[in-house]
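Chemist: Below is the structure, and that's it, no one-letter string:
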């Protein structure tokens, strides 16, 4: 098994602060809403936060996907090695960052259809969220 790269908490905080206005803006089509961050800034915030989850909840029983930026495995338990994993959480970057920063709960995101969770263990990531409140 490969070692997981440690994430510097200060680097994670800086990346999340960079996208904070966009993440916290209301979900509207209003032109006055915060502009989307640059792709590189968004990618950094998503990847660092997902890899932080991977570090604080080590394991391989749940796969968290935030396309197009990252997919990580976390939560201790039975491991899968081939094909589609049995426990998957998938969401868009903005919803993920809202979950990470405490702007949205896992349950509310699932109820709104903003994320999909398949498998009996997928919901266990809710225990680890938020990672960092802003």
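Modeler: Thanks, I have the structure now. In this text the structure is predicted, and so the values were computed from the model without any measurement. Numbers count the residues shown, from 1 in each chain.
Chemist: secondary structure element for the most centrally placed residue in the chain?
Modeler: Among the residues of the chain, the one closest to the centroid is residue 96, at 4.0 Å (CA atoms, centre = their mean). Element membership for residue 96, per DSSP states H and E: helix 93-101.
Chemist: what's the angle between the helix ranked longest in the chain and helix 93-101?
Modeler: Counting by DSSP state H, the longest helix found in the chain is helix 39-56. Helix 39-56 runs at 40 degrees relative to helix 93-101, counting by axes from the mean of the first three to the mean of the last three CA atoms, to 10 degrees.
Chemist: Would you tell me what the next helix or strand after helix 39-56 is?
Modeler: strand 62-66.
Chemist: Against which helices or strands is that next one packed?
Modeler: helix 39-56, strand 70-74, strand 88-91 (3 or more CB pairs under 8 Å, 6 or more residues apart in numbering; DSSP states H and E). Bear in mind the C-beta positions are built from the backbone N, C-alpha and C, glycine included.
Chemist: that older thread, and the helix holding residue 96 with strand 70-74, angle?
Modeler: Using the same axes, to 10 degrees: helix 93-101 against strand 70-74 is 40 degrees.
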